[in-house]
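Novice: sequence and predicted model, in that order:
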Amino acid sequence: AQSVTQPDIHITVSEGASLELRCNYSYGATPYLFWYVQSPGQGLQLLLKYFSGDTLVQGIKGFEAEFKRSQSSFNLRKPSVHWSDAAEYFCAVAALTGANNLFFGTGTRLTVIP
Amino acid sequence: GAGVSQSPSNKVTEKGKDVELRCDPISGHTALYWYRQRLGQGLEFLIYFQGNSAPDKSGLPSDRFSAERTGESVSTLTIQRTQQEDSAVYLCASSLWESSYNEQFFGPGTRLTVL
């Protein structure tokens, strides 16, 4: 069965510093992977997705993620964090069968300090 | 165009009462999903609709939970005889059709608190 692990519950970074949020997945075939961001009082917004092809995918707001099959990872990165990036970040993998619903990790809360 | 909307944004109820949560998907989106987000946890899939049919109800946690959808429009999630463990944020999402190629667009959620 599909599952997603986000090992970091909370990360604090300084504004302007680089960021990497970890995500590991469990899936038998090539996964469809997603990163979503949830700001307070807002719905989830898709940052980027990976289906196939180039393992480095670019997303909105300057984020990118790299798919590494050998490590079953899909880590999210940003070279320079802005205060507005403070939010909850969720990694997800698609079911691909049946409902095609998403399986989410437990999320990583990002705090940005000045 | 308008995104996915949900109402109410907050709901406080007493244990044992029934509640109805509403979701208005993006116009033209045939697939609709309900998820539950408990405090400190990721989103948990509850149910999905393709049109007004719900082929997959496996995620519903108990028979106190039910959902319906009118055509390819509004969906209502009903929780009967609410329990404290039902307290969570209930999120609705819609997509063009039931394929992960199509992005799921999420509403802001309904925060349910059962006292």
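Specialist: Perfect, I can see it now.
Novice: how about the worst-scoring helix or strand of chain B on mean pLDDT and chain A, touching?
Specialist: Ranking every helix and strand in chain B by mean pLDDT, DSSP states H and E puts strand B:53-56 at the bottom, with a mean of 78. Yes. Strand B:53-56 reaches chain A (CB under 8 Å from any CB of the partner chain) through B:55, B:56. Every C-beta, even on glycine, is put in place using the N, C-alpha and C of the backbone.
Novice: tell me the helix or strand right after that strand.
Specialist: Scanning the chain past strand B:53-56 towards its C-terminal end, the next helix or strand to appear is strand B:65-69 (assignment: DSSP states H and E).
Novice: between the helix or strand following that following strand and strand B:65-69, how many degrees?
Specialist: Under the assignment DSSP H and E, the closest C-terminal helix or strand after strand B:65-69 is strand B:75-79. Regarding strand B:75-79 and strand B:65-69, their directions subtend 160 degrees when assessed with axes from the mean of the first three to the mean of the last three CA atoms, to 10 degrees.
Novice: what strands line up against strand B:75-79, and which way round?
Specialist: Using DSSP bridges, the neighbouring strands of strand B:75-79 in the sheet come out as strand B:19-24 (antiparallel), strand B:65-69 (antiparallel).
Novice: ok now it, how far from the chain's centre?
Specialist: Mean-position distance between strand B:75-79 and its chain equals 7 Å (CA atoms, centre = their mean, to the nearest Å).
Novice: pull out the buried residues from that strand.
Specialist: Residues B:75, B:77, B:79 are the ones in strand B:75-79 that count as buried (16 or more other CB atoms under 10 Å in any protein chain shown).
Novice: neighbours around the closest residue to the last one other than its chain neighbours, how many?
Specialist: Nearest residue to residue B:79, sequence neighbours excluded (CB to CB, 6 or more residues apart in numbering or on different chains): residue B:19, at 5.1 Å. Close neighbours of residue B:19, defined as other CB atoms under 10 Å in any protein chain shown, add up to 18.
Novice: ok, back up a step: and the strands paired with strand B:75-79, which one averages the lowest pLDDT?
Specialist: The weakest mean pLDDT among the strands paired with strand B:75-79 belongs to strand B:65-69, with a mean of 94.
Novice: how distant is it from the center of its chain?
Specialist: Here the centre of mass of C-alpha atoms in strand B:65-69, compared against the chain's by CA atoms, centre = their mean, lies 8 Å away.
Novice: pull out the buried residues from that strand.
Specialist: Buried residues in strand B:65-69, counting neighbours by 16+ other CB under 10 Å, are found at B:65, B:67, B:69.
Novice: any low-confidence regions in chain A?
Specialist: Scanning chain A with the threshold set as pLDDT under 70 gives A:96-99.
Novice: how about the residues of it near chain B?
Specialist: For chain A, the residues found near chain B under the criterion CB under 8 Å from any CB are A:4, A:6, A:32, A:36, A:41-46, A:49, A:51, A:90, A:92, A:94-96, A:98-107.
Novice: which SS class is the residue lying closest to residue B:34 once chain neighbours are set aside?
Specialist: Taking CB to CB, 6+ apart, and ignoring the residues beside it in sequence, residue B:34 has residue B:46 as its nearest neighbour in space, at 4.2 Å. Three-state assignment for residue B:46 (DSSP: H, G, I helix; E, B strand; the rest coil): strand.
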